[in-house]
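K.L.:
For reference, the sequence and a predicted model appear below.
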Amino acid sequence: MNFEEIKKESKIYPGEYLLHEPTMQIVICGAYNPDENFIRCLSSGRLLEDQVNNFKKIKLSNGERRERSHSKCKGCTGAR
């Protein structure tokens, strides 16, 4: 897992996971406004708004992404 600086031209989407550096917590992005320099996110059930430079984007390698993927459970196949 790598962390990447968020630049003015970066694409940040609502629902994306970010690292909030001052608290060292993984948060869920709610709103990204590069013009006003803030990100609004959900952290531990609370709404948090902070400057963009306090966040980092999380990048997973292909291997990590595959490792975290889920398959269907056997109950969903319809076999009895």
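P.N.:
All right, it came through fine.

K.L.:
how near is the residue most central in space within the chain to residue 47?
P.N.:
The residue lying closest to the centre of the chain (Cα atoms, centre = their mean) is residue 17, at 0.8 Å. Remark: distance between residue 17 and residue 47 (Cβ to Cβ, to the nearest Å) = 16 Å. Heads up, the C-betas are built off the backbone N, CA and C, glycines and all.

K.L.:
With residue 30 instead?
P.N.:
For residue 30 relative to residue 47 (Cβ to Cβ), the value is 7 Å.

K.L.:
Could you do residue 33 as well?
P.N.:
In terms of Cβ to Cβ, residue 33 sits 14 Å off from residue 47.

K.L.:
same deal with residue 29?
P.N.:
From residue 29 over to residue 47 (counting by Cβ to Cβ), the distance is 12 Å.

K.L.:
intersection of neighbour lists for these two?
P.N.:
Common contacts of residue 29 and residue 47 (Cβ atoms under 8 Å, 6 or more residues apart in numbering): 40-41.

K.L.:
Among those two, which residue is more densely surrounded?
P.N.:
Neighbour count, other Cβ atoms under 10 Å: between residue 29 and residue 47, residue 29 has more, with 18 against 10.
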